[in-house]
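J.: Quick one, structure for this:
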Amino acid sequence: MTKQRNSGFPDRDAIVAFIRAHPGKVGTREIAREFGLKNADRAELKRILRELADEGTIARQGKTIHEPAALPPTVMADITGRDSDGELVATPAEWDEQSGDPPKIRIHVPRRPQPGTAAGVGDRALLHVEKPEPSDSVYRGRVIKVVDHAKTRVLGIFRALAGGGGRLIPVDKKQAGRELNIAKADSGGAEDGDLVSVDLVRSRGYGLASGKVKERLGSLASEKAVSLIAIHAHEIPQAFSPAALREAEAARPATLAGREDWRDLPLVTIDPPDAKDHDDAVYAEPDPDPGNKGGVVVTVAIADVAFYVRPGSALDRDALTRGNSVYFPDRVVPMLPERISNDLCSLVPGEPRGALAVRMVIGSDGRKRSHTFHRILMRSAAKLNYAQAQAAIDGRPDDTTGPLLDPILKPLYDAYAIVKRARDERDPLDLDIPERKILLKPDGTVDRVVVPERLDAHKLIEEFMILANVAAAEMLEKKVLPLIYRVHDEPTLEKVHNLQEFLKTLDLPFAKSGALRPALFNRVLAQVKGHDSEPLVNEVVLRSQAQAEYSAENYGHFGLNLRRYAHFTSPIRRYADLIVHRALIRGLGLGEGALPETETPESLSEVAAQISVTERRAMKAERETADRLIAHFLADRIGATFQGRISGVTRAGLFVKLSDTGADGLIPIRTLGTEYFNYDETRHALVGTRSGAMHRLGDVVDVRLVEAAPVAGALRFELLSEGKVMPRGRRRDGARSGGAQAQANTAVKAHPGRNPRKKDRGPNKARPGKSKKGKSWKP
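T.: Model prediction:
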């Protein structure tokens, strides 16, 4: 019998024991069911769980409760070495430092490993892990798949020397300034400007290390080649397998067989002007049902990729390896061959195309009343871009949008106005972080950087896609089918506490009572709207958020304030959406291309972990390419002055984002002045110990460009603005507000000379450009 309190509640020990006995499967609902608690008891149960979490006895991930610092059953890990028995030891690839040291995973290697599971030190692998025995703190793990082998080579740009041979300039910011010597005999025919892969020959205690060219990967002297660096550095597959290309070429357009004929429905695509693929189309009309007065019917049609990319096929294997398309300013590395993505599955006007469509009935309050899914043959009525659609609504139609204005565009905007009511009531996280876009000249160099205007046309498509994604998740849950969710956990207690402490320094209240909701953050953001502190607060709130990811287990989407959410609307460029399409086809009996019966939540958990990694790989590659393009753009402007905002504050110095280009660069702390500076983590600032001058996250500053390293995408600045002086009392308060953390603040003397605590890296070794960014929670 479970030990109960007199009030009917279980002991804390009993709750903890139950959580330990069911790792990764317990939430408030399961605890209430186990101990026979009623709905009226939920508030008390949540209070007890909150106490246990505050004490560190348990931890929460979304709606799941587990022991603190526990690993999920499937984890991406880096193999770091061997133990005294010679067994491989790994640590999780991603770990929150606030949870303490990362746990160790001892890997069991069978005598005859399966293909693709033979791992070694330095490899990154997807592991199935088991909880440690009570007498042991080390997890046991089994390799599911080796994702990335140990890097024994250096990637860089070959610079030829007059006497033969040359130098390698590494592309990694962490290796900036550490050139390699390449002897003439070891140059492998490389020419000046070639991107090459080099094996280290030897590393000496003095002079340059030497290397040998193993592979020429392309020439940066050619147009549109900067993205090649990130593609090779992150090992993003460029070439499709011959088998996949044969399958793509053999594919034929979809027909009416097994489909509903929707070719007369005037669906339209609305995309960016430079979009290469068009995988979603929309249509809206008033609901003729008298029982839904003032309501609308919104239809979203998505390219039927599952019809062409069958489970287990060569196309499927290549798509899973890529995980998603990668978008650079100068090129796209697609998830699928162009025959599929830009032809058969692109919803071009006037051509019959297969699609999966969802028809959603929306009430006058903006809430979705019902939905149905259909496998259809459609014919797009028009291909529009956002600005074009918006101009037509604003009274400036063109030859294309003029005939569409009354029958198609106005009903779409009317439907959006209705849907927006429910969106505003839902109150998702409303961060205002402008996104910049790099526009290139024909030769592949930067023309200018723009911040595209956020139009109602963008919001319309975004909201319709969110509705369709929710409908897909709801349908699959109703059919009790496995799927991959798009999840976003709520911020950790530690991050919420840090945010509260920061907001106190601005005299902004953040009183958390009850459940954590996006509305709490939105109230803070609304208070600073239009004020000088608006960019700063938006940035700090963003950094407090968790990172969105894919998971076979649902714990909701905090940022969107949705209980269930899945990606359905972009199967051309995201593998997660393809899985959801297959599951819908299976659950609704829609024909070929269904999710296999052998696919389980466990197998999809492995897929979700893998594509979460490929998504982050793509984001990092895209960001690094933008950094390199901007560094090339600014390389001939050394000595010029710019205005920007402090975008990151660390013990190494200040990171500044330029206002006009969005370029990030470092101001080393040793160059700030002639006094010591404390790093105040609570205030996100460096504070002068003598003068009280404070340089804070979000401050507008003037800087001079001192150095640009285009290959690494690194910039170094000199600060021209004076810091804001803090009153002495406030300085003491700031030190105290960090509590124990204040004692760990680093005091570094800032002067043009050498940092007394750190070996001078030299001008090219400052590793600029990598600020402490918040994690992406994008839908």
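
J.: from memory residue 333 sits against residue 234, does it?
T.: No - with contact defined as C-beta atoms under 8 Å, residue 333 and residue 234 do not form a contacting pair (10.3 Å). C-beta coordinates here come from the backbone N, C-alpha and C atoms, glycine included.

J.: Not counting its neighbours along the chain, what's nearest residue 423?
T.: residue 463 (5.9 Å; C-beta to C-beta, 6 or more residues apart in numbering).

J.: ok, residue 260 touching residue 377?
T.: Yes - if you go by C-beta under 8 Å, residue 260 and residue 377 touch, sitting 7.4 Å apart.

J.: can you tell me which helix in the protein is longest?
T.: Ranked by residue count under DSSP state H, the longest helix found in the chain is helix 601-634.

J.: okay, the angle between the next helix or strand after that helix and helix 601-634?
T.: Sequence-wise, the next helix or strand downstream of helix 601-634 (DSSP states H and E) is strand 641-650. Angle, strand 641-650 to helix 601-634, by axes from the mean of the first three to the mean of the last three C-alpha atoms, to 10 degrees: 150 degrees.

J.: Please point out which parts of strand 641-650 sit buried.
T.: 642, 644, 645, 646, 647, 648, 649, 650 (16 or more other C-beta atoms under 10 Å).

J.: same deal with stretch 364-383?
T.: So for stretch 364-383, counting by 16+ other C-beta under 10 Å, buried means 366, 368, 371, 373-383.

J.: which one of those sits closest to residue 48?
T.: Taking C-beta to C-beta as the measure, residue 48 lies nearest residue 368 of the buried residues of stretch 364-383, at 35.6 Å.

J.: Kindly state the pLDDT recorded for the closest residue to residue 556 other than its chain neighbours?
T.: Once flanking residues are discounted, residue 556 sits nearest to residue 563: 5.2 Å by C-beta to C-beta, 6+ apart. pLDDT, residue 563: 95.

J.: again with residue 547
T.: For residue 547, the predicted pLDDT is 89.

J.: So, low pLDDT: which residues of the stretch 451-600 of the chain?
T.: 512-514 (pLDDT under 70).

J.: which residues of it fall in strands?
T.: For the stretch 451-600 of the chain, strands defined by DSSP state E, counting those that start in this stretch occupy the ranges 485-487, 549-551.

J.: who wins for proximity to residue 661 among these?
T.: So among these, strand 549-551 is nearest, using C-beta to C-beta, at 30.2 Å.

J.: neighbouring strands for that closest one, and are they parallel or not?
T.: strand 485-487 (antiparallel) (DSSP bridges).

J.: Now find how far off-centre the partner strand is within its chain.
T.: 12 Å (C-alpha atoms, centre = their mean, to the nearest Å).

J.: ok, back up a step: quick one: buried residues of the longest helix of the chain?
T.: Buried residues in helix 601-634 (16+ other C-beta under 10 Å): 604-618, 621-622, 624-634.

J.: Okay, now the unreliable bits of the stretch 201-350 of the chain?
T.: 202-207, 221-224.

J.: Show me the strands in it, by range?
T.: 209-219, 260-261, 268-271, 280-286, 296-303, 326-327, 332-333.

J.: Turn the ones you listed into CSV, columns for distance to residue 576.
T.: Shown next, in CSV, are the strands of the stretch 201-350 of the chain (distance: least, C-beta to C-beta, whole Å):
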stretch, distance to residue 576
strand 209-219, 30
strand 260-261, 26
strand 268-271, 20
strand 280-286, 15
strand 296-303, 13
strand 326-327, 15
strand 332-333, 17
